[in-house]
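*Asks:* Sequence plus predicted model, see below.
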Amino acid sequence: MVLPFVFKKAPPVSAVPCSWRRSSLFRPSGVTLSEQSEPNPAEPIFNVPAAVVATVAVLVLVHAVRVLLLSDRQDVEFVLAFGFIPARYGGEAVLGGALPGGFAADLWTFFSYAFIHADLTHLGLNLAWLIPFGSALARRFGVWRYVLFMLTTAAIGAMAHLVSHLGAVEPMIGASAAISGAMAGSMRFIFQREGRLGFFRDPGSLHRLPAQPLGATLRDRRFLLFLATWIGLNALFGFGTISFGAEAGQEIAWQAHVGGFFAGLILFTAFDPARPSVESSAEPSI
């Protein structure tokens, strides 16, 4: 389950510091090899695209800097400057004016919140979902489309959170709105008969097959089963049936999940470089 967090007890700017916190070759004796063995044509089990590796590295680096280099007070200020706080946008005037970053932060926090995580559990769960779904998407999109897609779904997830939490002063952090978008985008092509993708393997040119139309995806029983399970889990977390991080004053920002997911599902075609060929889309002549 991907989990962006909302800190329910966000301190004011003047608050006192608080904690958020090789293998060897074996040759039998007496056996002579007369010729070199053929290279193994099998692909490596783990073949994560460089763009995803870089994403993981950035997320881990940001968390390491916060934990190892920042004091408690500096960490609070960091989260206030880069977490997404709905009160910046028409909330409490005094708090909105006192938040660090000013107008620039009003813009960058739509994206920067996705690089911050509450703790190692939060970070680890998001990485566990990012690596498979992000890898499928990055192979298909390439680096720049992948980056723009993830940033776009992160921003739309923040917008969904803003609409549902007008004036809230608690910062929202976590990459899961963008990862939800990657999940939804992957659903547009991983269920195709000829285009199933091993999450950790590069299947050659299969990921360039044209994706099925959105309508076909919405009628696919496998997608509907995934969607029902995903929405059900979000509902359980969102309505408190399953708690996560309650002791730290956190709640699941499920509205951001939903916003990112449906943004990824709908906007996938705008980013997808694979287009139906003329041959496959043309009607046969008589």
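*Replies:* It's in. Predicted, not measured: the structure shown is a model, and the values here were computed from it.

*Asks:* count of residues packed around A155?
*Replies:* By the measure other C-beta atoms under 10 Å, the count of residues near A155 is 22. In short, each C-beta sits where N, CA and C put it, glycine included.

*Asks:* Excluding chain neighbours, what is closest to it?
*Replies:* F110 (4.4 Å; C-beta to C-beta, 6 or more residues apart in numbering).

*Asks:* Okay, helices next: where are they in this protein?
*Replies:* Assigned by DSSP state H, the helices in the chain fall at 50-68, 72-82, 93-98, 102-112, 120-141, 143-164, 176-187, 214-219, 221-238, 254-271, 278-281.

*Asks:* if you compare those, which one is most tucked away?
*Replies:* Mean neighbour counts were compared across the helices of the chain using mean count of other C-beta atoms under 10 Å; the top stretch is helix 176-187, at a mean of 29.

*Asks:* who does it touch, helix- and strand-wise?
*Replies:* In terms of contacts (3 or more C-beta pairs under 8 Å, 6 or more residues apart in numbering; DSSP states H and E), helix 176-187 is packed against helix 120-141, helix 143-164, helix 221-238, helix 254-271.

*Asks:* ok, now with 6 Å
*Replies:* Where contact means 3 or more C-beta pairs under 6 Å, 6 or more residues apart in numbering; DSSP states H and E, helix 176-187 is packed against helix 120-141, helix 143-164, helix 254-271.

*Asks:* now for these, which one comes closest to Q212?
*Replies:* helix 254-271 (10.5 Å; C-beta to C-beta).

*Asks:* what angle do the closest one and helix 120-141 make?
*Replies:* Angle of helix 254-271 versus helix 120-141, following axes from the mean of the first three to the mean of the last three C-alpha atoms, to 10 degrees, is 20 degrees.

*Asks:* Mean confidence (pLDDT) on helix 254-271, please.
*Replies:* Average pLDDT, helix 254-271: 95.

*Asks:* CA atoms of that helix as PDB?
*Replies:* Written as PDB, here are the backbone C-alpha positions of helix 254-271 (Å, rounded to 0.1, in the frame of the first residue of the first chain):
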ATOM      1  CA  TRP A 254      -6.000   8.800   0.400                       C
ATOM      2  CA  GLN A 255      -7.500  11.700  -1.600                       C
ATOM      3  CA  ALA A 256      -4.100  12.300  -3.000                       C
ATOM      4  CA  HIS A 257      -3.800   8.600  -3.900                       C
ATOM      5  CA  VAL A 258      -7.100   8.700  -5.800                       C
ATOM      6  CA  GLY A 259      -6.100  12.000  -7.600                       C
ATOM      7  CA  GLY A 260      -2.800  10.600  -8.700                       C
ATOM      8  CA  PHE A 261      -4.200   7.300  -9.800                       C
ATOM      9  CA  PHE A 262      -7.000   8.600 -12.000                       C
ATOM     10  CA  ALA A 263      -4.600  11.300 -13.400                       C
ATOM     11  CA  GLY A 264      -2.200   8.500 -14.400                       C
ATOM     12  CA  LEU A 265      -5.000   6.400 -15.900                       C
ATOM     13  CA  ILE A 266      -6.400   9.300 -18.000                       C
ATOM     14  CA  LEU A 267      -3.200  11.100 -18.900                       C
ATOM     15  CA  PHE A 268      -1.300   8.000 -19.900                       C
ATOM     16  CA  THR A 269      -2.100   8.400 -23.600                       C
ATOM     17  CA  ALA A 270      -0.700  12.000 -23.600                       C
ATOM     18  CA  PHE A 271       2.700  10.700 -22.500                       C
END
